[in-house]
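J.: Here is a sequence together with a model predicted from it:
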Amino acid sequence: MSQAIESSETKTYHNFIGGEWVASASGEWFENINPADNSDVVGRFPKSTAEDVDRAVAAAKETASRWRLTPAPKRAELLFRLGEILRENKEAFTREMTREMGKVLSEAGGDVQEAIDCTYYTAGEGRRLHGFTTKAEMPNKYAMCERQPVGLCGLITPFNFPMAIPSWKLIPALVCGNTVVIKSGEDVPLSTINLVKACEKAGIPKGVVNVVNGFAEPGAALVNHDDVRLISFTGSTSTGRKIAEECARDNKIVSLEMGGKNAIIIMDDADIDNAVEGSLWGAFGTSGQRCTASSRLIVHEGVYAEFSEKLVERAKALKVGNGLDESTDVGPVINQQAVDKIMGYIEIGRNEDGATLACGGNRLTGGDFDNGYFIEPTVFTDASREMRISQEEIFGPVTTVIPVGGLEEAIDVANDIKYGLSSAIYTQDVNRAFHAMQELYTGICYINSATIGAEVHLPFGGTKGTGNGHREAGTQVLDIFSEWKSIYVDYSGKLQKAQIDEVEI
Ligand code: UN1
């Protein structure tokens, strides 16, 4: 395997603190490597420490009142401008994302588009942020309720949606009047920097948005910082759980978006070709590195043989390669650790679980493959619900086909999991579709489409182990980044005691 060589053209990027682009207090750097080609260094980034987080939090704190008191429609004007800048730079941001993250260009374009959609949609909330008025119990008394910002928000973002996920957190935080410190994903810092440079260009005041790059240390420092009021995290279940524990100690607000093990049910009346296409897209899009990935395919025994055969045939034909090559269907996975984890699960599927490895199962080697992290699209058939490959999140291009006898069993298998992000059913029968919609206990549910592809104006999030009850996107995200204030105005000119004074009718 070739060593990464830093060329004289390797770009250096910085943290963004109080409106200045600065190195880490540690003076240390880390390299961002292209997962499709280890010899390609995307850039060097500050390896930040708790001290950098202290500075970023101080900057965000200093500017908090100014931003909070800026009228929301004015905050939104800057965000609309941000949307324009993202749109103008979509192509460049897309290529840079593929280079640092690996996903194919069309999907990276979709990721930037999702950030653009989120920005426009959520900026519109600047002229809404609706509260409500209601009637008070006492005469000459007024009652209303409005949103107030929560304060300083720490945003900790993952590698798989390098611009979309930071935008889901950043834009609502800003429109609600909060200031933020983002800890970028260590494998994809450039896309966060691109987003934040666009914020700077849009004229968002210094100190409102800050970025600290690096690994676990700045993340932990953010979570433990006394001045941080809220942590919004997307990532692994194990890290999310730790963050929740830390936040509980300080009574911080915490919003978690974690794992998934999402099922598509394929009924015997389904359009099988359509179900095969959907399953391929859901399982192998983004090389399976989506928390919404279709990692379980629960198939009615009446169509099991036909579906499995067609799926395997199509999976074998997918072209794995560098995402920058337009003919590639499936890009690399993110890093060596991901390869180890995914290959470990393939071993488990083969041996411990005893399912049938119907296709794939190998890390690709030879030629250009040696410089990257490429794994074949892998399908396990004849799996059963309790196997580890059917229960645990693999986060790679691996899916598991589980035969079932009917709809009730299919729903039971789909729900028999510790996660609850997304689910889907392929059926032509409206009664079955509505029954599944009612019974699948997930935050997102698709009919005749895969488990991926959520749109920004609907709430995003999951039940059970996927999250902690919050929803990102939609208008529901405002409930994460604002707190309700109930306001009573007594204009009677005297003391009126609610629940105690009798009101004459
Ligand atoms: C994720 O996998 O973490 O619904 C986010 C989807 C995308 C977002 C996925 N819009 O698949």
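T.: It's in. Numbering: from 1, shown residues only.
J.: give the contact list for the residue in the stretch 251-400 of the chain that the ligand sits nearest to.
T.: Nearest residue of the stretch 251-400 of the chain to the ligand, counting by CB to the nearest ligand atom: residue 290, 3.4 Å away. Yep, even glycine has a C-beta here, placed from its N, CA and C like the rest. By CB atoms under 8 Å, 6 or more residues apart in numbering, residue 290 lies in contact with 160-161, 260, 452.
J.: among those residues, which two are most distant?
T.: Largest separation among these by CB to CB: 161 and 260, giving 13.3 Å.
J.: Flag every residue of this protein that's near the ligand.
T.: Residues of the chain found near the ligand (CB under 6 Å from any ligand atom) are 114, 160-161, 290-292, 452-454.
J.: Select from those the one having the most neighbours.
T.: Counting neighbours by other CB atoms under 10 Å, the top entry in the residues of the chain next to the ligand is residue 291, with 30 neighbours.
J.: per-residue confidence at it?
T.: Confidence at residue 291, expressed as pLDDT, is 97.
J.: Surely it and residue 443 touch.
T.: No: in this structure, residue 291 is not within contact of residue 443 by CB atoms under 8 Å, at 10.8 Å.
J.: Got the phi and psi for residue 212?
T.: phi -120, psi 130 (degrees, to the nearest 10).
J.: Counting by contacts, list what the longest helix seen in the chain packs against.
T.: Ranked by residue count and defined by DSSP state H, the top helix of the chain is helix 105-123. Other elements packing on helix 105-123 under the criterion 3 or more CB pairs under 8 Å, 6 or more residues apart in numbering; DSSP states H and E are helix 72-88, helix 90-101, helix 164-175.
J.: Mean neighbour count added to those, as TSV?
T.: Converted to TSV, these look like this (neighbours: other CB atoms under 10 Å):
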stretch	mean neighbour count
helix 72-88	19
helix 90-101	21
helix 164-175	28
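J.: Quick one: closest of those helices to residue 313.
T.: Closest approach to residue 313 among the helices and strands packed on helix 105-123 is made by helix 90-101 (27.6 Å; CB to CB).
J.: What mean pLDDT does that closest one get?
T.: pLDDT averaged over helix 90-101 gives 98.
J.: Give me the domain ranges for the chain.
T.: Segmentation of the chain into domains, based on automatic domain parsing, reads 49-258+467-485, 263-447.
J.: mind checking the end-to-end distance for the last one?
T.: Put plainly, it is domain 263-447. Distance across domain 263-447, first residue to last, is 12 Å (CA to CA, to the nearest Å).
J.: What of the longest one?
T.: The first residue of domain 49-258+467-485 is 36 Å away from its last residue (CA to CA).
J.: Point out where the stretch 1-150 of the chain drops to low pLDDT.
T.: Low-confidence segments of the stretch 1-150 of the chain, defined by pLDDT under 70: 1-8.
J.: and the residue of it nearest the ligand?
T.: residue 114 (5.8 Å).
J.: Tell me who's in contact with that residue.
T.: 161, 163-164, 167, 456.
J.: now for these, which pair is the farthest apart?
T.: 163 and 456 (12.5 Å).
J.: Of these two, which one has the most company?
T.: The neighbour comparison of residue 163 against residue 456 (other CB under 10 Å) goes to residue 163, with 30 against 24.
J.: Do I have it right that that one meets residue 115?
T.: Yes: taking contacts as CB under 8 Å, residue 163 lies within contact range of residue 115: 4.4 Å.
J.: Return every residue with contacts to both of those two.
T.: With CB under 8 Å, 6+ apart as the test, residue 163 and residue 115 both reach residue 195.
J.: what ranges do the helices span in the stretch 251-400 of the chain?
T.: 272-284, 301-317, 336-347, 388-391 (DSSP state H, counting those that start in this stretch).
J.: Determine which stretch of the ones you listed is the most buried.
T.: Most buried of these, by mean neighbour count (mean count of other CB atoms under 10 Å): helix 272-284, with a mean of 22.
J.: Just list what that one packs against, helices and strands only.
T.: Identification of packing neighbours for helix 272-284 by 3+ CB pairs under 8 Å, 6+ apart yields strand 262-266, strand 294-300, helix 301-317, strand 398-404, strand 422-426.
J.: Out of those, which is closest to residue 384?
T.: Across the helices and strands packed on helix 272-284, closest to residue 384 is strand 398-404 (CB to CB), at 6.4 Å.
J.: helices and strands around the closest one, which ones?
T.: helix 272-284, strand 294-300, helix 301-317, helix 336-347, strand 378-381, helix 388-391, helix 407-415.
J.: May I see the ones you listed organised as TSV, with mean pLDDT added?
T.: Listed next are the helices and strands packed on strand 398-404 as TSV, based on pLDDT from 0 to 100:
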stretch	mean pLDDT
helix 272-284	98
strand 294-300	98
helix 301-317	98
helix 336-347	98
strand 378-381	98
helix 388-391	98
helix 407-415	98
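J.: Residue 399 is nearest to which of these?
T.: Set against residue 399 and scored by CB to CB, the helices and strands packed on strand 398-404 come closest in helix 272-284, at 3.8 Å.
J.: the inter-axis angle of that closest one versus strand 294-300?
T.: Per axes from the mean of the first three to the mean of the last three CA atoms, to 10 degrees, the angle that helix 272-284 makes with strand 294-300 is 150 degrees.
J.: one step back: go through the helices and strands packed on helix 272-284 and name the closest to residue 29.
T.: So among these, strand 398-404 is nearest, using CB to CB, at 34.1 Å.
J.: which residues touch the closest one?
T.: Residues contacting strand 398-404 (CB under 8 Å, 6+ apart): 279, 283-284, 288, 293-301, 304, 307-308, 311, 342, 345-346, 349, 355, 358, 360, 378-385, 387, 389-390, 410, 413.
J.: One more: stretch 141-151?
T.: Here stretch 141-151 has contacts from 64, 68, 129, 131-136, 176-178, 229-230, 253, 478, 481-492, 496, using CB under 8 Å, 6+ apart.
J.: Just the buried subset of those residues, please.
T.: 64, 68, 129, 136, 176-178, 229-230, 253, 478, 481-482, 490, 496 (16 or more other CB atoms under 10 Å).
J.: Give me the subset of these lying in strands.
T.: Here DSSP state E is the test, and these give 230, 253, 482, 490 as lying in strands.
J.: can you tell me how far the third one sits from residue 438?
T.: This means residue 482. According to CB to CB, to the nearest Å, residue 482 and residue 438 sit 31 Å apart.
J.: Same question for the first one.
T.: Relative to residue 438, residue 230 is positioned 33 Å away (criterion: CB to CB).
J.: So, low pLDDT: which residues of the stretch 151-300 of the chain?
T.: Counting by pLDDT under 70, the stretch 151-300 of the chain contains no low-confidence range.
J.: what about the closest residue in space to residue 326 that isn't next to it in sequence, neighbour count?
T.: Among residues not flanking residue 326 along the chain, residue 105 sits closest, at 6.4 Å (CB to CB, 6 or more residues apart in numbering). By the criterion of other CB under 10 Å, residue 105 has 18 neighbours.
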